[in-house]
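# what's the 3D shape of this:
(3 chains)
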Amino acid sequence: MSEGASGRLGFPRAMRIKHGRDFSRLRRQGQRIAYRSVIANWIELPADKTSRLGVITTKALGPAVVRSRARRLLRETFRLHQNELRVPLELVLVARNSIVEKKLPDVESDFLKIMRQAGMLKS
RNA sequence: CUGGAAGGGCGGAGGAUCGCUUCCGGCGCAAGCCGGGGGAGGAAAGUCCGAACUCCACAGGGCGCGAUGCCGCGUAACCGGAAGUUUGUUCUUCCGGAUACACGCGGGAGGUGACGGCGCGAGCCGUCCCGACGGAUAGUGCCACAGAAAAUUAAACCGCCGCGGACUUCGGUCAGCGGCAAGGGUGAAAAGGUGCGGUAAGAGCGCACCGCUCCAAGCGCAAGCGCGGAGGCACGGAAAACCCCAUCGGGUGCAAGGCCAAAUAGGAAACCGAGGCGCGGCCCGCGCCGGGUUUCGCGCAAGCGGGACAGGUUUCGGGUACUGGCUGCUCAGACAAAUGAUUCUCUCCGCGUCGCAAGGCGUGCAGACAGAAUUCGGCUUACAGCUCUUCCAGAAUC
RNA sequence: GCCCCCGUAGCUCAAAUGGAUAGAGCAAUCGUUUCCUAAACGAUGGAUUCCGGUUCAAUUCCGGACGGGGGUA
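Below you'll find the predicted structure:
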């Protein structure tokens, strides 16, 4: 059913959170953990659904080129590690200021630390 | 060769794997899958100008408001026409329009800022630089402080000169009545300047020269320049104060505006025509309301759509870098917003290190500024490094 | 994306149509008082966001840049 079962690591547009009400629902009702460059809000989904991701990069982060890069880093991180999740999630990642100078491995380690702390990773 | 100034050009190349997005073709009931093509910039930025396009009313007239203001030439998207081409209202080329009160280039007043030259001097000439440049004689107001006086019959504070008078130590002193714009002083600015004559002292009062104003041969498409002549000289500054004159501008902005399956609330649209109410900043004017007739559609979120032709290849011509044709590929289109991640090779540059050197090794996100959002032209700002042209300075060589 | 506003000491505000020393409160520093601190009193320093232009003269007028804030589906 889900692409995770086939081992592929795609991230098409259908897996993105687009609506403002979805964002505000997750920010208000979801679990929340912040670590270094990332804040995560999430809600667990039933096992037959696919995970969805939304990314928030505020204007305080910097100009457009900086915000775009932060968004791409967070999206790439989620794409590479989506199959390691124990259950599907609706997830919102918020970039913090410290992400600006970081490279992909740093962001990956921050993300995995949060997911491990939340007990969301497969053992 | 090194450094500086001004003005141009470029802003890595090729590949692999994993992703995103769009178009075309194929498969599939569909979700989607497979193959192929495309996928950020010179500033995409700031949103400072202007234009296209959109709807509001057909965008028209007046008032108000805003903008622009020497002259000439040039220019985009867009619009129209013709020819060729295409399944096509597709695409290409040419011609014309559109327009500048966007902007670019050139020129001319002006400033007299910098340097140089000429002249006793006032001043003039040359080179470079700046150059938002209608009107101060349409009117109203302003020019602080200082100064006697700050703008129109200019003006006597210190002065200069004359007259008669008083006093006198016979040098002059004092007050009075007149004349004078030369000198001093104030100021950003004091009502032409330099000299000679003239005079009681002075004054364009007279003369020469310089400047100014007016006329003007001739030159230039024009702004304008100006041979020559006339006038004793009038006209302070500021319109980036209000304002006057001329010209231009209606507002709105792709979050404009258009189409629409399903669901929800129950109305909505078109036409007819007396009255009431409202609306561009305001008016002419226009819109809305209730009534009748006809029709089934409208608003909101989603979706569709508005939405894209600018570069590269080959070769030819003209040039200082470059640029124009020919050929011919067909090429971003998202909407919590694609254009990314990892990595290899090659060159460029910086740093470290080894080496006499050539170069080797290591290191730094190809290393700067920066990410399309309706389109086009311009302006401005940011920018590692490479590179070209011209000029200037220094060093070396002939 | 599009459309609008605003910039004066460290902070909050002045300076009416340009005119000379840019002012006030709080804060800061120093001193007096006190055994010490606070309060009080006295004194001091500190600013027109930046770059050009107009003008004799610019916080004020004009142009540009920079920074900050707001509206709009």
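# helix, strand or coil for the residue nearest the centre of chain A?
Nearest to the geometric centre of chain A sits A:Leu93, at 4.5 Å (CA atoms, centre = their mean). Secondary structure for A:Leu93, judged by DSSP: H, G, I helix; E, B strand; the rest coil, is strand.
# Quick check: which element contains the closest residue to it other than its chain neighbours?
Residue nearest to A:Leu93 in three dimensions, not counting chain neighbours: A:Leu74, with 4.8 Å by CB to CB, 6 or more residues apart in numbering. C-beta: built from backbone N, CA, C; applies to glycine. For A:Leu74, the enclosing helix or strand under DSSP states H and E is helix A:64-81.
# Export that helix to CSV, keeping only CA atoms.
Only the C-alpha atoms of helix A:64-81 are listed here, as CSV (Å, rounded to 0.1, in the frame of the first residue of the first chain):
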residue,chain,number,x,y,z
ALA,A,64,14.5,34.0,0.3
VAL,A,65,17.6,32.2,-0.6
VAL,A,66,18.2,31.2,3.0
ARG,A,67,14.6,30.1,3.6
SER,A,68,14.5,28.0,0.4
ARG,A,69,17.7,26.2,1.4
ALA,A,70,16.4,25.5,4.9
ARG,A,71,13.1,24.1,3.5
ARG,A,72,15.0,21.9,1.0
LEU,A,73,17.3,20.5,3.7
LEU,A,74,14.3,19.6,6.0
ARG,A,75,12.4,18.0,3.1
GLU,A,76,15.4,16.0,2.0
THR,A,77,16.0,14.8,5.6
PHE,A,78,12.4,13.6,5.9
ARG,A,79,12.5,11.9,2.4
LEU,A,80,15.6,9.9,3.3
HIS,A,81,14.3,8.7,6.7
